[in-house]
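Participant: Need coordinates for the following:
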Amino acid sequence: MFFRSALATISLAMAATAQDGATPFAAFDLASPPILSNPGDLAIGPDGNLYVAERFAGRLTVLDPDTLELIATRAIGKMPGVRDVSFGPDGSVVTALTGAAAVAVYSGISALDDAPDQMLPAARTEGALAHSNGRIYVMDGGMGQVFSYENGMPIAAAGRHPGAHDIAEDLQGNIWVADNQRGRLVKYAQDLTQLQVLDDPKFGFAAPKYLDFDDFGRLVVADQNANRILLIDPDGADGGTLLGVLGDGRPGLGPNKFDGPQGIAVLGNSYYVSDSDNNRVVRYTVVLN
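Facilitator: Residues are numbered from 1 along each chain as shown. Okay, the predicted model is just below:
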């Protein structure tokens, strides 16, 4: 029953893409070797390198964003089930450790191989955000709530998002949650007042897992179960506008193909994607004239 339901959801996602006429918004550019171990979310660090959360290896892997070649591996085996990584304005590093039911906070990149400075409790956590306001936002998937922490203490909680994944910050400092089980994206203010929900069938969400924003404030979303990457204007007409799609909805290997993509990081005109079940990171680029 679940298998048939999942197939139906993916079929609807593909139909929605075809109906809207969504076209690829970037072109395949580069792929890393398939050396990663079920990579989750990824982020650009303060040193300019690409940091990848490797769930099965329990570590962060550092890639050169220009070549996608391996630079280093950090905290090997010390980050059980790591699914998310985020960098604060002060250089701090925050990681969501599903296997430890906690979010680990480090003072900086140089401290990643040491014990974390803080462990914030979060059952089944798969998303964490080091916000520009200095707070840490945690997705507690077990409780289905977003928590806001300041100086290591919880100050606010909101939402009903069991099993939700990513938390990301937009250009205005608002917080977005990838509520994958309900097939939607939810926007909160910094005080966790709910502001907006993106759940229109036109997006065809199957299981949006992780997301990022480009320099124009557009959402870039990894819809894992639909094997697609969506570009969305959240302020577009009628509850947001689907601007483009990467992937044809069928798992595969090659240009415009993904197998269970999860992580997203945007750097200028380049989009980095954790092609998770292919155990690699790929880069898609918009060619600027």
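Participant: shouldn't Val273 be in contact with Ile229?
Facilitator: Yes. In this structure, Val273 is within contact of Ile229 by C-beta atoms under 8 Å, at 5.9 Å. The way it works is simple: take the backbone N, C-alpha and C, and place the C-beta from them, glycine included.
Participant: any common contacting residues for those two?
Facilitator: The contact sets of Val273 and Ile229 overlap at Ala222, Leu246, Phe258, Pro261, Ile264, Tyr284 (C-beta atoms under 8 Å, 6 or more residues apart in numbering).
Participant: which non-adjacent residue is nearest the fourth one?
Facilitator: Right, Pro261. Ala222 (4.7 Å; C-beta to C-beta, 6 or more residues apart in numbering).
Participant: where does the one you found fall, helix, sheet strand or coil?
Facilitator: strand (DSSP: H, G, I helix; E, B strand; the rest coil).
Participant: Wait, it touches Ser274, no?
Facilitator: Yes. Counting by C-beta under 8 Å, Ala222 does reach Ser274; the two are 7.4 Å apart.
Participant: list residues touching both of the two?
Facilitator: By C-beta under 8 Å, 6+ apart, the residues touching both Ala222 and Ser274 are Tyr210, Pro261, Gln262, Gly263, Ile264.
Participant: part of a helix, is the second one?
Facilitator: Translated: Pro261. No. Counting by three-state DSSP, Pro261 is not part of a helix but coil.
Participant: Tell me who's in contact with Val221.
Facilitator: Contacts of Val221 (C-beta under 8 Å, 6+ apart): Ala178, Leu185, Pro208, Tyr210, Leu211, Ile229, Leu230, Ile232, Ile264.
Participant: Repeat that for Asn256.
Facilitator: With C-beta under 8 Å, 6+ apart, Asn256 has these contacts: Pro24, Phe28, Leu246, Gly247, Asp248.
Participant: SS state for the spatially most central residue of the chain?
Facilitator: When the chain is reduced to its mean C-alpha position, the closest residue under C-alpha atoms, centre = their mean turns out to be Tyr210, at 2.3 Å. Following three-state DSSP, we place Tyr210 in the strand state.
Participant: which residues touch it?
Facilitator: By C-beta under 8 Å, 6+ apart, the contact list for Tyr210 reads 40-41, 84, 127, 165-166, 168, 178, 221-222, 262-264, 274.
Participant: Now with 7 Å, please.
Facilitator: Tyr210 sits next to Asp41, His165, Asp166, Ala178, Ala222, Gln262, Gly263, Ile264 when contact means C-beta atoms under 7 Å, 6 or more residues apart in numbering.
Participant: How about Val105?
Facilitator: Ser92, Val94, Pro116, Asp117, Gln118, Leu120, Ile136.
Participant: Roughly how far does the closest residue to the last one other than its chain neighbours sit from Pro201?
Facilitator: What sits nearest to Ile136 in space, not counting adjacent residues and going by C-beta to C-beta, 6+ apart, is Tyr149, at 4.4 Å. Distance of Tyr149 to Pro201, computed by C-beta to C-beta, to the nearest Å: 35 Å.
Participant: and those two? which has more neighbours close in?
Facilitator: Tyr149 (21 against 12; other C-beta atoms under 10 Å).
Participant: what does the strand or helix carrying that one rub up against?
Facilitator: Per DSSP states H and E: Tyr149 is located in strand 145-150. Here strand 145-150 makes contact (C-beta under 7 Å, 6+ apart) with 120, 135-140, 154-159, 167, 177, 188, 192.
Participant: one more time with 8 Å, if that's ok
Facilitator: Taking C-beta under 8 Å, 6+ apart as the rule, strand 145-150 contacts 120, 122, 134-140, 154-161, 167, 175, 177, 188, 190-192.
Participant: what secondary structure does Val273 sit in?
Facilitator: strand.
Participant: Counting neighbours, what do you get for it?
Facilitator: There are 26 residues near Val273, going by other C-beta under 10 Å.
Participant: List the beta-bridge partners for it.
Facilitator: Assessed by DSSP bridges, Val273 has beta-bridge partners Ile264, Val282.
Participant: In this protein, what residue spans correspond to helices?
Facilitator: 2-20 (DSSP state H).
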